[in-house]
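Asker: Got a predicted structure here, sequence first:
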Amino acid sequence: MWWFDEQLQWDPTQYGNITTTRIPRNLLWSPDIILYNSVSGYNLTTLYNGLSWVTYTGEVFAPVPTITKSSCKMDLSYFPFDDQICHLKFGSWAQDMYLMDILNITTEVLLGSGYVENGEWDIVDTVARRNVIYYDCCPEPWPDVTFYLQLRRGSLYYGFHVVSPCLLLSFLSLVIFILPVQSGEKMTLGMSVLVAFAVFVLLIADHIPATSEFPPLISIYLTIIMVMCSFSIVMSAFVLKLHHDHADNGVPPAWIAKIFQRRSKRWCLGSGDKSPMKIAPLTQHGHELGESEQTKLPFRISDTEEIDLGQDVKTIQSKPKGRKIAFTDQGERSYNNAETKNTHENNPAVHWQDVASGLDRFFTLLMAIITIICAFGILVFLPLFKSTNLQDFLNGATTGT
């Protein structure tokens, strides 16, 4: 800090060409410069009683090593990807501009070579500005020098300890619907994920600044994920009810069957058993018949009198002329599947179980889409639209003034 005191001027030719000297601070007049938004309230020039440099022109330089604490109004809307603009306002508390004027030497804050970087905050931009303010109490102008700092929070720590666990827990909500109903663990898994979320929120509550003005992004994301997890548990209970409690429901309506039994398979990568029954070539007396002979072969399924279930080839013996129809193992399985399918089509319970499975597939896809949109929208794209800029802030403050 420099100031000019005309009472300290001298002629070097009369004092052995001495142009600079060191004088103890307590022997000199010092300006009452304080930090207006300080939380300690100390006068900067009285904290250090060392030596001051005085030149023959009356200029005084007083290095003031000090640690100060100031208040800063924070906007936590984009936490933990936020920028903050803080200011340090220096001025006289008792002397107006007619008694003592204050000027800034540079238009920016000189950090110097001894600046030590902070692990949580980075200084993005700095501006030093002189202001003249008229207060309601006093008609005189009061000058001050205000240093503005744009600080950017380092998000790496919060990315590893807050965002990553949130993403992992959010994708665990999808497993609730992927888990088969027959396992009997859907509700257990859902409650476990919800409890894990609650414990995790309690653990990171100390790392999230408390504010009631702007809900932080991470708080919004955690709230959405917990709502989704609760929704997953409720829908899982509904799916379990459809799967097990269908005694009085009858066959599901056609529109429900169309949506959740057919379309959900196409939308959610489901698949049905569409393999046709394969029949081996017809044989007569151990010789394979050609395609034209097979079409001329007189045969009716009702004429069969014997079914021989062998290990490799199964044959059906016909009455009239001993002709045989051979089925492969795969053909028999397809035939049995077709018979089972016909049996299931007449059972309402099977239809409701298919509807429950379709709902599981639908909710899996829905939750996956919502999870991805929330993760990228809230944690990636929204921080890109933040408009925190020190020059714009100062221009807006000047316009408002």
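Answerer: Right, received. Where do you want to start?
Asker: In this structure, where is pLDDT below threshold?
Answerer: The chain contains residues with pLDDT under 70 at 41-48, 212, 245-353, 355, 397-401.
Asker: Swap in 90 and give it another go.
Answerer: Applying pLDDT under 90 to the chain flags residues 1-7, 24-52, 62-82, 92-95, 100-101, 103-120, 135-139, 154-368, 370-371, 374-401.
Asker: Which residue ranges make up each domain of this protein?
Answerer: Domains of the chain are assigned by automatic domain parsing as 2-61, 83-154, 159-272+348-384.
Asker: Can you get me the start-to-end distance on the shortest one?
Answerer: According to CA to CA, to the nearest Å, domain 2-61 extends 5 Å from its N-terminal end residue to its C-terminal end residue.
Asker: burial measure for the closest residue to residue 159 other than its chain neighbours, as a count.
Answerer: Nearest residue to residue 159, sequence neighbours excluded (CB to CB, 6 or more residues apart in numbering): residue 80, at 7.8 Å. From N, CA and C alone the C-beta is placed, and that goes for glycine too. Using other CB atoms under 10 Å, residue 80 has 24 neighbouring residues.
Asker: quick one: secondary structure of residue 80?
Answerer: Here residue 80 takes the coil state, with states given by DSSP: H, G, I helix; E, B strand; the rest coil.
Asker: roughly how far apart are it and residue 101?
Answerer: In this view, residue 80 and residue 101 are 43 Å apart by CB to CB, to the nearest Å.
Asker: can you check residue 383 too?
Answerer: Using CB to CB, we find residue 383 at a distance of 43 Å from residue 101.
Asker: Which of the domains of the chain has the highest mean neighbour count?
Answerer: Among the domains of the chain, ranked by average contacts under mean count of other CB atoms under 10 Å, first place goes to domain 159-272+348-384 (a mean of 16).
Asker: Would you work out how far apart the start and end of that one are?
Answerer: Domain 159-272+348-384: ends 16 Å apart by CA to CA.
Asker: can you give me the strands in the chain?
Answerer: In the chain, the strands defined using DSSP state E lie at 2-4, 20-24, 33-35, 51-55, 59-61, 83-92, 121-134, 141-153, 283-284, 287-288, 304-308, 314-318, 324-327.
Asker: for those, which one sits closest to residue 75?
Answerer: Residue 75 sits nearest to strand 83-92 of all the strands of the chain, at 6.9 Å, using CB to CB.
Asker: Give the pairing partners of that closest one; include direction for each.
Answerer: strand 33-35 (antiparallel), strand 141-153 (antiparallel) (DSSP bridges).
Asker: Export those as TSV, with columns for distance to residue 9.
Answerer: Formatted as TSV, those follow (distance: least, CB to CB, whole Å):
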stretch	distance to residue 9
strand 33-35	22
strand 141-153	24
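Asker: Tell me which of the strands of the chain approaches residue 366 most closely.
Answerer: Proximity to residue 366 (CB to CB) singles out strand 141-153 among the strands of the chain, at 33.8 Å.
Asker: so the closest one versus strand 121-134, what angle?
Answerer: Using axes from the mean of the first three to the mean of the last three CA atoms, to 10 degrees, the inter-axis angle of strand 141-153 relative to strand 121-134 is 160 degrees.
Asker: what sits against the closest residue to residue 204 other than its chain neighbours?
Answerer: Of all residues not flanking residue 204 in the chain, residue 162 sits nearest, at 5.4 Å (CB to CB, 6+ apart). Residue 162 makes contact with 80, 204, 207, 218 under the criterion CB atoms under 8 Å, 6 or more residues apart in numbering.
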